[in-house]
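> Model the structure of this input:
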Amino acid sequence: MKIIRIFSFLLLLGAALLAAAGKAEPVEVLRRDALAELRAFAAKWPQGNAARAARAILKQEEEAPDPNRWIGETIRFARTAFRENPPQTGNDEARRAAQLILDYPLRVEDTDPAAPAGFGKAWRKTVNSVYQPVCDAMLDEILAARVKSGARIWKVYNMGFIVKTPNHAWCHDVRSGDTVTRRFTPDQLAKLVKILDVMFISHNHLDHVGADLAREMVRAGKTVVRPTDDTVAELNGDPHLRNLYGRFGKTVEVDGLAVRAFPGYQNIPNQEVPCCVYAVTADGVTVTHNGDNQSMQPYELLEKAQVTPDVMLANSWSGFAPYLAAGKPKLAIIGHEHELKHKVRGRDPWVTVYKRIAEAGLPTPVSVIDCGESIIYPNK
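Below is the predicted model:
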């Protein structure tokens with residue numbers, strides 16, 4: 001039975017990776033398709049600021065076409081649509097439509113050698129001009145938020161999440177989404193350190209390791225949990241580092257949190273990178289996070305240990321169906337879409353994510369949110 005489950009997992013993973021490996025489209029094709037979808041959005045939901053923004057973009061492009069202006073305007077349109085249709089308000093169809101439109105500007109290949117000089121830099125600056133203010137507003141919101149029961153969970157970027165309960169706050173794989181510097185600003189770091197009690201890192205890959213945040217956390221006397229010594233190795237010897245890879249799900253107390261770390265790995269050519277699947281319990285709520293795990297072992301251990309997650313934070317491409325099937329959570333939140341440091345073939349657009357969710361056919365409610373958005377888990 002175990003062999004069959006592993007084989008099934010590998011088949012699912014292979015299909016997921018093939019689905020994610022899309023080729024980059026020419027910018028003009030992306031522009032054309034984005035404008036067509038904006039037109040359809042404005043026709044279906046004609047009221048509100050998002051529809052007005054869509055019509056304004058269309059009018060502008062008809063009167064004075066520009067090959068690149070649509071990128072920033074379309075990202076701003078999507079953020080407007082998300083504000084008008086927040087998560088958990090029953091407006092999932094409009095949200096999904098906006099996410100699929102946002103796929104187009106985020107699938108621009110900024111490293112294309114055939115692109116005009118300076119194009120990639122301009123694209124990254126455009127993306128930053130929208131998402132850095134989103135990050136700033138999110139941090140202010142988290143600082144002000146008071147969670148009376150259950151948990152509230154914010155997506156920071158990629159597989160980065162912040163979890164806040166009535167008495168605790170921690171993060172998983174939080175690193176900056178800044179497309180230019182790849183680092184948080186000093187103000188952002190100060191706010192993160194003020195917010196967080198504990199920082200968890202699943203594995204030693206740059207898109208999951210916020211080294212700048214880890215440095216500030218230990219400097220402030222706060223705990224950073226990592227799998228092994230090779231993660232933020234520059235901090236080795238600091239008493240605020242905890243290695244949990246070899247615990248095999250044994251409960252460990254970390255600054256008031258009950259933590260279980262289930263050892264797995266991510267497959268890369270000629271190497272298996274140690275990756276922890278964490279289960280963290282605080283104030284009666286258990287949240288798990290699977291990093292980039294591609295092994296069945298942590299999911300089998302999770303199931304064997306009878307861990308009952310309330311919320312599972314799930315990687316979009318590494319095979320989330322076996323993970324959710326093992327934990328049977330009340331809610332799942334998807335991460336790792338549009339990792340903008342990757343080339344387009346590795347960015348995992350929302351259109352692919354929604355396809356995988358439909359194909360998985362799981363009973364678990366699955367939330368798909370953008371950077372800066374949050375989900376409330378009421379724990380009733």
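
> Would you map out the domains in the protein?
24-128, 146-377 (automatic domain parsing).

> Could you tell me how many residues sit around residue 29?
Using other C-beta atoms under 10 Å, residue 29 is surrounded by 11 other residues. C-beta here means a position set from N, CA and C on the backbone, and glycine is covered the same way.

> again, but for the one 3 residues further on
Residues within reach of residue 32, counting by other C-beta under 10 Å, total 14.

> What of residue 264?
Counted by other C-beta under 10 Å, the residues lying close to residue 264 total 28.

> For residue 138, find the nearest of the domains of the chain.
domain 146-377 (4.1 Å; C-beta to C-beta).

> circling back: most packed of the domains of the chain?
Stretch with highest mean neighbour count among those: domain 146-377 (a mean of 20; mean count of other C-beta atoms under 10 Å).

> Please state the offset of it from the chain centre?
Centroid separation for domain 146-377 versus its chain: 9 Å, with C-alpha atoms, centre = their mean, to the nearest Å.

> For it, measure first residue to last.
This stretch, domain 146-377, spans 13 Å end to end (C-alpha to C-alpha, to the nearest Å).

> Just the mean pLDDT for it, thanks.
Confidence for domain 146-377, expressed as mean pLDDT, is 96.

> Please give me every residue in contact with residue 41.
50, 51, 54, 81, 94, 97, 98, 101 (C-beta atoms under 8 Å, 6 or more residues apart in numbering).

> just so I have it, where are all the helices in the protein?
Using DSSP state H, the helices found in the chain span residues 2-20, 27-44, 49-63, 69-84, 92-106, 119-144, 186-195, 211-219, 297-304, 320-327, 350-360.

> is it possible to export those to CSV including distance to residue 176?
Formatted as CSV, the helices of the chain follow (distance: least, C-beta to C-beta, whole Å):
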stretch, distance to residue 176
helix 2-20, 23
helix 27-44, 25
helix 49-63, 27
helix 69-84, 18
helix 92-106, 17
helix 119-144, 8
helix 186-195, 7
helix 211-219, 7
helix 297-304, 27
helix 320-327, 24
helix 350-360, 21
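
> between these, which gets nearest to residue 370?
The closest of the helices of the chain to residue 370 is helix 69-84. By C-beta to C-beta, the value is 5.9 Å.

> Quick one: mean pLDDT over that closest one.
97.

> what about it, distance to the chain center?
Centroid displacement of helix 69-84 relative to its chain, using C-alpha atoms, centre = their mean, is 19 Å.

> So which elements touch it?
helix 27-44, helix 49-63, helix 92-106, helix 119-144 (3 or more C-beta pairs under 8 Å, 6 or more residues apart in numbering; DSSP states H and E).

> Out of the ones you listed, which is closest to residue 303?
Per C-beta to C-beta, nearest to residue 303 of the helices and strands packed on helix 69-84: helix 92-106, 29.5 Å.

> what's the distance between the closest one and the middle of its chain?
16 Å.

> could you give the angle of it to helix 49-63?
With axes from the mean of the first three to the mean of the last three C-alpha atoms, to 10 degrees applied, the angle from helix 92-106 to helix 49-63 works out at 40 degrees.

> Kindly provide the distance from residue 73 to residue 99.
From residue 73 over to residue 99 the distance is 16 Å, taken as C-beta to C-beta, to the nearest Å.

> what do you get for residue 205?
Residue 205 is 25 Å from residue 99, by C-beta to C-beta.

> With distance to residue 138 as added columns, please give the domains of the chain in a markdown table.
A markdown table is the format used below for those (distance: least, C-beta to C-beta, whole Å):
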| stretch | distance to residue 138 |
| --- | --- |
| domain 24-128 | 12 |
| domain 146-377 | 4 |
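
> mind checking which of those is nearest residue 136?
Between the domains of the chain, domain 146-377 lies closest to residue 136; by C-beta to C-beta that is 6.9 Å.

> so what's residue 40 up against?
Here residue 40 is in contact with residue 97 (C-beta under 8 Å, 6+ apart).

> show me what contacts the closest residue to residue 209 other than its chain neighbours?
Distance criterion C-beta to C-beta, 6 or more residues apart in numbering; nearest residue to residue 209, sequence neighbours excluded, is residue 201 at 5.6 Å. Counting by C-beta under 8 Å, 6+ apart, residue 201 touches 173, 208, 209, 210, 214, 224, 225, 226, 227, 231, 232.

> 10 Å instead, please
Residues in contact with residue 201 (C-beta atoms under 10 Å, 6 or more residues apart in numbering) are 171-175, 208-211, 213-214, 224-227, 231-232, 241, 275-276, 278, 291.

> Residue 311 is nearest to which of the helices of the chain?
For residue 311, the closest of the helices of the chain is helix 320-327, at 9.5 Å, according to C-beta to C-beta.

> Point out the other helices and strands that that closest one packs with.
Helices and strands touching helix 320-327, as assessed by 3 or more C-beta pairs under 10 Å, 6 or more residues apart in numbering; DSSP states H and E, comprise helix 2-20, strand 271-282, strand 285-289, helix 297-304, strand 311-315, strand 331-335, helix 350-360.

> In TSV, list those along with distance to residue 32.
Formatted as TSV, these follow (distance: least, C-beta to C-beta, whole Å):
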stretch	distance to residue 32
helix 2-20	23
strand 271-282	39
strand 285-289	38
helix 297-304	42
strand 311-315	32
strand 331-335	28
helix 350-360	16
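
> Of all those, which one is nearest residue 125?
For residue 125, the closest of the helices and strands packed on helix 320-327 is helix 350-360, at 23.0 Å, according to C-beta to C-beta.

> re the thing from before, now the helices and strands packed on helix 69-84 in a markdown table, with distance to residue 269?
Below are the helices and strands packed on helix 69-84 laid out as a markdown table (distance: least, C-beta to C-beta, whole Å):
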| stretch | distance to residue 269 |
| --- | --- |
| helix 27-44 | 30 |
| helix 49-63 | 42 |
| helix 92-106 | 26 |
| helix 119-144 | 26 |
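
> isn't residue 135 right next to residue 179, touching?
No - using C-beta atoms under 10 Å, residue 135 makes no contact with residue 179, being 11.7 Å away.
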